[in-house]
Every structure is written in structure tokens, then in C-alpha cells.
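Sequence plus the predicted model coming up.
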Amino acid sequence: MQIVDAIKNLTIAMKGSGSVEDISTDQIAEAIQYMADNWGDISAGMGGGSYVLPAATTSALGGVKKSAAVTSVSAANATAAGAAYDQTVAQSVVTLANANKTAINQIIANLKSAGIMA
């Protein structure tokens with residue numbers, strides 16, 4: 001690529017439209033002068049300034065720490081134990097244990113799906 005072609009492409013980018021064939025020497029000169037006049041602002045955007053990574057949300061990208069891996073709960077669903085417990089109490093414990101397992105596994109799946117956990 002020739003320098004003049006690169007400058008024409010830069011001029012098109014600065015204008016926001018056009019084609020290489022439409023760029024005149026006057027437009028190239030204006031683009032170069034603009035860069036000279038605004039070099040402080042331009043160079044600050046080239047890594048000279050600081051950048052604050054925004055927090056991630058459910059709808060916006062941002063910085064998050066990757067979570068450590070968590071193994072899914074692999075225990076079998078709870079079942080009522082022998083006659084030592086009243087059937088109603090035992091069933092409520094079973095229901096709670098199964099709901100907790102489902103919730104934990106869903107949290108793990110969501111973290112993995114979101115890329116927060118490996």
C-alpha cells in the first residue's frame with residue numbers, strides 16, 4: 001500500500017463516507033492539519049490515557065472475574081428414610097432437598113453458560 005492510499009483511507013474514515021477516488025489533495029491536507037491541531041486528544045486515545053473497565057451486567061459486557069470450577073451435585077435425589085420419621089415431615093425434607101439440588105445445578109449451568117465458570 002502506498003502512503004497516499006493510506007492517507008486517503010484515513011481521510012475517508014475521518015469523513016465517515018466516500019471512496020478513495022473522491023478524495024482530493026485538499027481533503028488530505030485538511031485531514032493531516034486536523035490531526036496536527038488535535039494531536040493531544042488523538043494520542044491520548046492511543047493508549048496514553050487510562051481506561052476503567054466497566055462492571056458487567058446481565059445486559060452489558062464488562063469486567064468480571066472468572067469463577068473457579070464447581071462440580072455439579074451428583075448425589076441421588078433424596079428419598080424418605082425408614083419409619084423413624086413421620087411421613088409428612090420426611091416428604092417435606094425430600095421436597096426441599098430435591099429443590100435445592102435443582103437450584104444449585106441451575107446456578108452452575110447458568111454460570112457456565114455465561115462464561116463465568118469453566
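Sure thing, it's come through. Fair warning: this is a prediction, and the values are worked out from it, not measured in the lab.

and the residue nearest to A68 when sequence neighbours are not counted, what does it touch?
Closest residue to A68 in three dimensions, ignoring its sequence neighbours and counting by CB to CB, 6 or more residues apart in numbering: M117, at 7.3 Å. In short, each C-beta sits where N, CA and C put it, glycine included. With contact taken as CB atoms under 8 Å, 6 or more residues apart in numbering, M117 is in contact with K66, S67, A68, A69, V70, I108, L111.

Run through the bridge partners of the second one.
The reference is to S67. Beta-bridge pairing of S67, defined through DSSP bridges, involves M117.

one step back: let me have the contacts of M117 in CSV, extended by distance to T58.
Shown next, in CSV, are the contacts of M117 (distance: CB to CB, whole Å):
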residue, distance to T58
K66, 17
S67, 16
A68, 21
A69, 22
V70, 20
I108, 17
L111, 13
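
hang on, isn't I104 packed against S74?
No - contact status for I104 versus S74: not in contact, 11.0 Å apart, counting by CB atoms under 8 Å.
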